[in-house]
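Student: Below is the sequence, then the predicted model.
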Amino acid sequence: MDNIKIIKEQLLKDLQTIDTIKKLNDLKIEYLGKKGKITTLNSTIKSIDDDKKKEFGIKLNDLKQTFNTKYKEMYEKLNQELINQKLESERIDITLPATKIKYGSKHPISRVIEEFEDLFLSMGYTIYDGPELESDENCFQKLNIAKGHPARDAQDTFYLENEYENYLLRSQTSAAQVRAMEENKEKGPLKIVCPGKVYRKDEDATHSHQFMQIEGLVIDENVSMADLKGTLELFLKKFLGEKTTVRFRPSYFPFTEPSVEVDISCFKCGGKGCNLCKQTGFIEVLGAGMVHPHVLQMCGYDPNKYQGFAFGTGIDRFTMFKYSINDIRTIYGNDIRFLEQFDRRDDNNEIK
Ligand code: PHE
């Protein structure tokens with residue numbers, strides 16, 4: 001009987017020291033666990049005299065009841081404290097500055113393509129897309145480059161195998177022009193630009209196995225070399241600045257006759273000679289020429305009625321000039337530190 005009293009007093013004292021749920025649960029084990037203080041009292045009931053058993057039982061029950069009530073009270077109190085603490089620590093301070101959200105940005109190549117497209121659209125051209133996987137006919141044969149023609153060496157590319165051996169990853173966007181000419185059922189005037197990816201077996205600081213080209217084609221009656229020169233001069237001055245000098249040099253392409261290569265005065269040194277232009281004052285930027293009558297004929301046009309001019313250039317090269325990039329591989333490396341530099345809202349299209 002006295003034991004019950006002592007344990008009860010002890011329990012009330014112990015409860016005052018409890019300040020965590022863990023301690024509370026430890027206390028439960030101490031009192032009600034297998035060898036707990038109350039559990040042990042339970043087993044002493046046998047040795048109690050019969051006349052005192054009832055009283056002992058009542059007191060023991062009262063002790064258990066006290067424990068349980070206190071336990072519940074304590075548990076709720078501690079749990080509430082815990083919740084309050086959590087609410088306090090996770091409170092959102094709406095006056096804190098917001099986390100900066102990173103926006104994606106246009107790839108420099110996409111910027112240049114759009115600029116080119118805008119320029120040509122303003123001159124009345126339409127944009128024509130061709131597939132990257134092309135037939136040998138469209139990429140070479142209908143452009144006067146028969147099988148075994150030496151011009152193929154300069155555009156060595158990726159051919160498919162077995163039943164698809166007549167197909168390849170196009171090495172020039174001129175293939176799309178063949179398609180445009182063939183698709184034009186009326187065989188009338190055409191004025192298109194074809195931007196897109198092309199593939200060649202190259203890989204160094206200024207050549208990539210995959211790069212971007214844009215080619216233009218104009219077909220009409222009475223189209224001459226003067227139109228070609230005027231168009232390209234206008235385009236290059238618009239893109240690179242009015243001060244640019246444009247130079248035409250005779251050249252050779254199997255699908256144009258006559259053919260020219262087009263140079264611009266070096267925008268870095270202004271034509272004086274520097275490391276960019278290899279001291280020549282000029283940089284080669286375009287290939288062009290009057291569409292070969294045989295090509296017109298193969299694509300269904302009457303070469304006695306129609307003439308055309310075509311030009312083609314590498315978009316990567318212009319991108320490198322525009323943003324002073326000296327290794328083409330950075331353009332395709334997807335390095336976020338490089339790409340982030342183009343994350344700007346206000347565009348300035350002038351090359352400085
Ligand atoms: N297709 C040529 C090339 O990739 C460029 C070119 C296009 C030349 C049109 C003349 C006319 O090298």
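Tutor: Received, thanks.
Student: separation between A146 and V291?
Tutor: Taking CB to CB, to the nearest Å as the measure, A146 falls 17 Å from V291. Just so you know, the C-beta spots here come from the backbone N, C-alpha and C atoms, and that holds for glycine as well.
Student: phi, psi of the closest residue to L133 other than its chain neighbours?
Tutor: Leaving aside its sequence neighbours, L133 sits nearest to Y167 (CB to CB, 6 or more residues apart in numbering; 5.9 Å). Torsion angles at Y167 (phi, psi; degrees, to the nearest 10) stand at phi -110, psi 150.
Student: What's opposite Y167 in the beta bridge?
Tutor: S135 (DSSP bridges).
Student: So the residue in the stretch 51-200 of the chain that the ligand sits nearest to, which state does it fall into?
Tutor: Across the stretch 51-200 of the chain, the shortest distance to the ligand (CB to the nearest ligand atom) belongs to Q172, at 3.7 Å. When classified by DSSP: H, G, I helix; E, B strand; the rest coil, Q172 comes out as coil.
Student: just checking, what packs against the host helix or strand of R329?
Tutor: Assigned by DSSP states H and E, R329 belongs to helix 328-332. Counting by 3 or more CB pairs under 8 Å, 6 or more residues apart in numbering; DSSP states H and E, the packing neighbours recorded for helix 328-332 are helix 315-323.
Student: thought M123 was touching L232?
Tutor: No. Counting by CB atoms under 8 Å, M123 does not reach L232; the two are 11.1 Å apart.
Student: Tell me the residues of the stretch 51-200 of the chain that contact the ligand?
Tutor: Q172, S174 (CB under 6 Å from any ligand atom).
Student: mind listing the helices for the chain?
Tutor: 2-16, 21-32, 37-43, 50-89, 108-122, 136-139, 174-183, 225-240, 293-298, 315-323, 328-332, 336-339 (DSSP state H).
Student: Pick the most buried one from those.
Tutor: Neighbour counts (mean count of other CB atoms under 10 Å) averaged over each of the helices of the chain peak at helix 174-183, with a mean of 22.
Student: Mind listing residues that contact it?
Tutor: Helix 174-183 has contacts (CB atoms under 8 Å, 6 or more residues apart in numbering) with 128-130, 134, 137-139, 142-143, 170, 190, 192, 194, 196, 215, 217, 219, 255, 295-296, 299-301, 310, 312.
Student: repeat for stretch 87-97
Tutor: Counting by CB under 8 Å, 6+ apart, stretch 87-97 has no neighbours from elsewhere in the structure.
Student: Only C-alpha atoms, please: export that stretch in PDB.
Tutor: C-alpha atoms of stretch 87-97 as PDB (Å, rounded to 0.1, in the frame of the first residue of the first chain):
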ATOM      1  CA  LEU A  87       4.800  26.400 -37.900                       C
ATOM      2  CA  GLU A  88       7.000  29.000 -36.600                       C
ATOM      3  CA  SER A  89      10.200  27.700 -38.300                       C
ATOM      4  CA  GLU A  90       8.400  27.100 -41.700                       C
ATOM      5  CA  ARG A  91       6.700  30.400 -41.700                       C
ATOM      6  CA  ILE A  92       7.000  32.100 -45.200                       C
ATOM      7  CA  ASP A  93       8.400  35.600 -45.100                       C
ATOM      8  CA  ILE A  94       6.700  37.200 -48.000                       C
ATOM      9  CA  THR A  95       8.900  40.300 -47.600                       C
ATOM     10  CA  LEU A  96      12.000  38.200 -48.700                       C
ATOM     11  CA  PRO A  97      13.300  38.800 -52.200                       C
END
